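Undergrad: Just a sequence and a predicted model for now, questions to come.
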Amino acid sequence: MNFRTPHPFPPVILDDVRGAQKMLSGVARVTAMEGSRHLSELVGAPVHFKCENLQRTGSFKLRGAYVRIAGLSPVERAAGVVAASAGNHAQGVALASALLGVRATVFMPIGAPLPKVAATREYGAQVRLHGQVVDETLAAAQEYAQETGAVFIHPFDHPDIIAGQGTVGLEILEQCPEVRTIVVGIGGGGLAAGIAVAVKAVRPDVRIVGVQAAGAACYPPSLAAGRPVAIDGLQTMADGIKVGRPGDVPFGLVQELVNEVRTVSEAELSSALLLCLERAKLVVEPAGASPVAALLSDPRSFRGPVVALLSGGNVDPLLMQRILTHGMASAGRYLSLRVRLTDRPGALAALLASLSVADANVLDIGHVRTDPRLGLTEVEVELHLETKGPAHCEEVTAALRQAGYEVTG
């Protein structure tokens with residue numbers, strides 16, 4: 001679906017992005033572009049990763065934060081800055097403020113990943129935990145700005161922020177001049193808007209595809225309504241794009257310049273993160289893996305060459321462990337089943353021998369003897385297995401049934 005409408009006075013133009021690029025020289029890294037053979041085979045055209053997960057602070061957010069704070073007047077700098085973020089913008093503001101000698105206070109949700117909170121503090125910002133979601137945290141930061149006079153640094157709803165994020169788009173054109181499709185995750189919209197401004201001004205033929213988590217997709221209803229619409233009940237592991245309402249400034253640019261916005265499921269996000277880790281050897285957070293999830297969900301719908309933007313790599317190790325387990329389950333790498341046995345010596349050993357022949361790795365075993373559906377001499381064994389994929393799961397189940405076992409899911 002094409003959402004373009006006329007926008008006579010764009011708040012950000014190509015010259016703004018080019019000016020931001022000069023300002024960021026020596027501050028933000030020109031991050032690597034890496035090819036993905038696996039995704040290229042699926043898409044049927046070259047696919048490249050733009051690795052902003054390797055940017056300073058672990059995400060693209062430093063770009064916009066630095067441009068915004070560097071543009072403040074001496075009086076505004078003296079008053080300090082305040083920001084609100086689930087983590088990536090927080091770290092970007094903290095580092096940018098430290099580089100520019102500006103005092104920073106950052107509000108973060110109570111459930112923000114601990115590594116992001118710790119990193120923000122280590123960059124020199126004062127951290128205050130408030131609210132359950134970013135929208136509540138934003139409100140608290142704005143109230144603090146009104147009370148103290150500190151300058152509020154919005155994570156996405158400001159032209160300077162958008163111009164800074166747009167420098168990613170200029171780098172993509174320099175590193176992959178033949179690009180035909182750019183896939184980028186969308187939360188509030190600052191990154192997608194900035195990239196679209198930069199890329200469309202130079203290469204209007206390039207297709208820009210935005211991606212949101214299905215459980216936090218505020219853009220589809222907003223684009224349908226023609227204005228930013230707030231949604232409730234946000235549920236996604238991708239905290240970096242967990243935003244309940246598009247920003248006013250980026251919304252107009254996304255509406256005009258972004259060709260399409262898609263949504264991806266939590267299972268697709270898990271599978272994408274697992275692919276980045278296993279195939280590309282890249283640590284990527286769920287929000288950063290959203291473009292990969294979109295490519296995996298419908299690979300043949302993208303024209304290549306494709307650039308998928310890995311926007312960030314800041315992920316809590318505990319969350320990573322849960323996501324990888326979920327991703328492996330979604331990819332058919334785990335199999336859980338129940339087998340009914342006669343409760344006699346050697347029965348379990350025979351079952352395990354059958355699994356060994358089928359080349360399945362046993363992770364966990366449980367015994368059920370109290371189910372009233374079981375016979376007097378029966379026991380039900382619950383097995384959790386590691387497999388090689390969906391086809392292997394079917395082979396293991398078939399082998400057990402062929403050996404005479406009654407198998408249930």
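TA: That came through fine.
Undergrad: show me what contacts Tyr334?
TA: For Tyr334, the residues meeting the contact criterion (CB atoms under 8 Å, 6 or more residues apart in numbering) are 325, 328, 363, 384-387. All C-beta spots, glycine's among them, are computed from the backbone N, C-alpha and C.
Undergrad: Sketch out the strands for the chain, chain order is fine.
TA: Ranges of strands within the chain are 33-35, 47-51, 81-84, 104-108, 126-129, 151-153, 181-185, 207-213, 260-264, 306-310, 334-342, 361-368, 378-386, 406-408, based on DSSP state E.
Undergrad: could the contacts of Tyr334 go into TSV alongside pLDDT?
TA: Listed next are those as TSV, based on pLDDT from 0 to 100:
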residue	pLDDT
Thr325	74
Met328	72
Leu363	79
His384	83
Leu385	83
Glu386	82
Thr387	84
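Undergrad: in this protein, what spans have low per-residue confidence?
TA: Along the chain, the model assigns pLDDT under 70 to residues 1-9, 327, 330, 369-372, 374-377, 409.
Undergrad: Let me see the contact set for the residue nearest in space to the middle of it.
TA: Computing the C-alpha centroid of the chain and ranking residues by CA atoms, centre = their mean puts Ala287 first, at 1.0 Å. For Ala287, the residues meeting the contact criterion (CB under 8 Å, 6+ apart) are 185, 187, 213, 238-242, 311-312.
Undergrad: same deal with Gly101?
TA: Each residue near Gly101 by CB under 8 Å, 6+ apart is listed here: Arg77.
Undergrad: Then Thr263?
TA: By CB under 8 Å, 6+ apart, Thr263 lies in contact with 211-214, 217, 220.
Undergrad: Of those residues, which is the nearest to Arg128?
TA: Nearest to Arg128 among the contacts of Thr263 is Ala213, at 26.1 Å by CB to CB.
Undergrad: Pull the number of nearby residues for the closest one.
TA: Each residue near Ala213 was counted by other CB atoms under 10 Å, and the total is 29.
Undergrad: Please give the number of neighbouring residues around the residue nearest to it when sequence neighbours are not counted.
TA: Once its chain neighbours are removed from consideration, Ala213 has its nearest residue in Thr236; the separation is 3.8 Å (CB to CB, 6 or more residues apart in numbering). For Thr236, the number of neighbouring residues by other CB under 10 Å comes to 21.
Undergrad: pretty sure Thr236 contacts Val243?
TA: No - under the criterion of CB atoms under 8 Å, Thr236 lies out of contact with Val243, with a separation of 10.3 Å.
Undergrad: residues shared between the contacts of these two?
TA: Counting by CB under 8 Å, 6+ apart, the residues touching both Thr236 and Val243 are Ala216.
Undergrad: got the contact list for Gly188?
TA: With contacts defined as CB under 8 Å, 6+ apart, Gly188 is in contact with 155-157, 243, 245-247, 250.
Undergrad: Next, check these against the helices and list the overlap.
TA: With helices identified by DSSP state H, the entries of the contacts of Gly188 that belong to them are Pro250.
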